[in-house]
Structures are given as C-alpha cells and as structure tokens.
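Participant: Could you work out the structure for the sequence below:
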Amino acid sequence: MSVLFSDTHPKMEALQVRLLRDAPAWRKLEMLAQLNASARLLALAGLHQRYPQAGEQELRRRLAGLLLGEDMASKVYGELKDAS
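Facilitator: Residues are numbered from 1 along each chain as shown. All right, here's what the predicted structure looks like:
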C-alpha cells in the first residue's frame, strides 16, 4: 500500500483505511454530513470576520454565493445588496 500521509505511521494509516472501508454506508454518509457542516461553519466564520458589520441574513446570502456560485445564488436568493 502506498503512503497517503507523510505524517502518519504506515500501520496507523492502514488501520484508518481498513476502518473506513469496513464502515457501513450510513456511517460514511454521517461522516460526510459532519464534514460538510464543519466546512459551512468555517466558511461562515470567515465571512463574519471579513464582513463584521453584516447581519445574519447578509452572511447567509454571502455563504450561498460561495457554495452555489454568485450566478445561481442571485437567481435563488436575489442580488446581494452592497451592505458592507
């Protein structure tokens, strides 16, 4: 088996790969959902830092722009008002 991560001992890496392969589909989907939720929270925190005066609604709209692209976000949620 090739090494995926240079900072992880090969035996531990092999164990991680085996555990992931053996995990049921529902658990893999659960882990993916948790990763997505974490990524959204990090993106939202970054937007809050970048636009400290923005309200919750504006931040969510900006997040939609990041996740969907501005064209799609504008079609779905409307144009982003230049509040900040």
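Participant: Number of residues surrounding Leu47?
Facilitator: 20 (other Cβ atoms under 10 Å). (C-beta placed from N, C-alpha, C; glycine too.)
Participant: Helix or strand for it, just tell me which one.
Facilitator: Element membership for Leu47 (DSSP states H and E) is helix 25-50.
Participant: next one: Ser74
Facilitator: Under the criterion of DSSP H and E, Ser74 resides in helix 70-77.
Participant: What is that helix packed up against?
Facilitator: In terms of contacts (3 or more Cβ pairs under 8 Å, 6 or more residues apart in numbering; DSSP states H and E), helix 70-77 is packed against helix 56-68.
Participant: follow-up on the earlier one: restricting to C-alpha, output the helix holding Ser74 in CSV.
Facilitator: Below are the C-alpha coordinates for helix 70-77, written out as CSV (Å, rounded to 0.1, in the frame of the first residue of the first chain):
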residue,chain,number,x,y,z
GLU,A,70,-22.9,34.1,-7.5
ASP,A,71,-25.0,33.5,-10.6
MET,A,72,-27.0,30.7,-9.0
ALA,A,73,-27.2,32.4,-5.6
SER,A,74,-28.6,35.5,-7.3
LYS,A,75,-31.2,33.5,-9.1
VAL,A,76,-32.3,31.6,-6.0
TYR,A,77,-31.8,34.3,-3.3
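Participant: what angle sits between it and helix 56-68?
Facilitator: 130 degrees (axes from the mean of the first three to the mean of the last three Cα atoms, to 10 degrees).
Participant: Which residues does helix 70-77 contact?
Facilitator: Taking Cβ atoms under 8 Å, 6 or more residues apart in numbering as the criterion, the residues outside helix 70-77 that touch it are Arg61, Ala64, Gly65, Leu67, Leu68, Leu80.
Participant: The last one: how many residues sit nearby?
Facilitator: Burial measure for Leu80: 15 neighbouring residues, criterion other Cβ under 10 Å.
Participant: For it, which residues are in contact?
Facilitator: The contact partners of Leu80, by Cβ under 8 Å, 6+ apart, come to Glu58, Arg61, Arg62, Gly65, Glu70, Ala73, Ser74.
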